[in-house]
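**Student:** Following is a predicted model, sequence given first.
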Amino acid sequence: MKADEARALAKETLSEERFYHTECVAEAAKALALRYGEDPERAETAGFLHDIAKEFEEPVLLQMIKSSDIIRFGEVERCPKVWHACAGGVFAERHTDADPEIVSAIASHTTGRAGMTQLEKIVFVADFISIDRDFEELDEIRKLAFESLDLAALGIIESQVLHILKHRRYMDVNIIRAYNDLLTKREETGEN
């Protein structure tokens, strides 16, 4: 699937406000891909598709997740904030010709996962730093995103975990796995 096809699908599926966010994420993903030597077309495609299921009704999201063999429902059952990502991966797998790495980037864009590929990290970071977002620690993470993708991803996870803890919500185990994996890679490479 090409970026223009993904854009058209997102435009027809999403509300105007959600589509604007999607355009911003696709733009950030393309910029990060260019910075890190990843294919900008694939990154932009994943950016356009990352929230494709965001406005689906909860019963539809649950049905998609439960009927999929790419998502373990028990791990996300009490984390409704991630259902749209999981269902989006299922949707992309079933209804587009997006490759498996793009599907995985969509499915893991809210929490990350252990063993993220460069493209998956790009989409994860792009969703957080997109120009339509505005909150306190964002400027620092935006800058960091173009210096070290791994450190930006770690900073994002730290921010998300603090938010989850503050609001006493269930935490998807994938965010913990992603954090531990990124820390292990930091230790192995000696990156600060």
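**Tutor:** Nice, I can see it. Numbers count the residues shown, from 1 in each chain.
**Student:** From Leu61, how far off is Ser67?
**Tutor:** From Ser67 across to Leu61, the span is 11 Å (Cβ to Cβ, to the nearest Å). In short, each C-beta sits where N, CA and C put it, glycine included.
**Student:** who's more crowded, those two?
**Tutor:** Leu61 (22 against 12; other Cβ atoms under 10 Å).
**Student:** separation between that one and Thr45?
**Tutor:** Distance of Leu61 to Thr45, computed by Cβ to Cβ: 22 Å.
**Student:** now Ala26
**Tutor:** Counting by Cβ to Cβ, the gap from Ala26 to Thr45 is 8 Å.
**Student:** for Glu55, same thing?
**Tutor:** For Glu55, the distance to Thr45 (Cβ to Cβ) stands at 19 Å.
**Student:** and what of Arg133?
**Tutor:** Counting by Cβ to Cβ, the separation of Arg133 from Thr45 is 21 Å.
**Student:** next one: Lys143
**Tutor:** 26 Å.
**Student:** Using CSV, write out the CA atom coordinates for the helix ranked longest in the chain.
**Tutor:** For the chain, the helix with the greatest residue count under DSSP state H is helix 16-36. Output of helix 16-36 as CSV, limited to C-alpha atoms (Å, rounded to 0.1, in the frame of the first residue of the first chain):
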residue,chain,number,x,y,z
GLU,A,16,-12.0,15.7,10.1
GLU,A,17,-10.3,16.3,13.5
ARG,A,18,-8.9,12.7,13.7
PHE,A,19,-7.8,12.9,10.1
TYR,A,20,-5.9,16.1,10.8
HIS,A,21,-4.0,14.3,13.6
THR,A,22,-3.3,11.4,11.2
GLU,A,23,-1.8,13.8,8.7
CYS,A,24,0.4,15.3,11.4
VAL,A,25,1.6,11.8,12.4
ALA,A,26,2.3,10.8,8.8
GLU,A,27,4.3,14.0,8.3
ALA,A,28,6.3,13.4,11.5
ALA,A,29,6.8,9.7,10.6
LYS,A,30,8.2,10.7,7.2
ALA,A,31,10.6,13.2,8.7
LEU,A,32,11.8,10.7,11.2
ALA,A,33,12.2,8.1,8.5
LEU,A,34,14.3,10.5,6.5
ARG,A,35,16.4,11.2,9.5
TYR,A,36,17.1,7.6,10.4
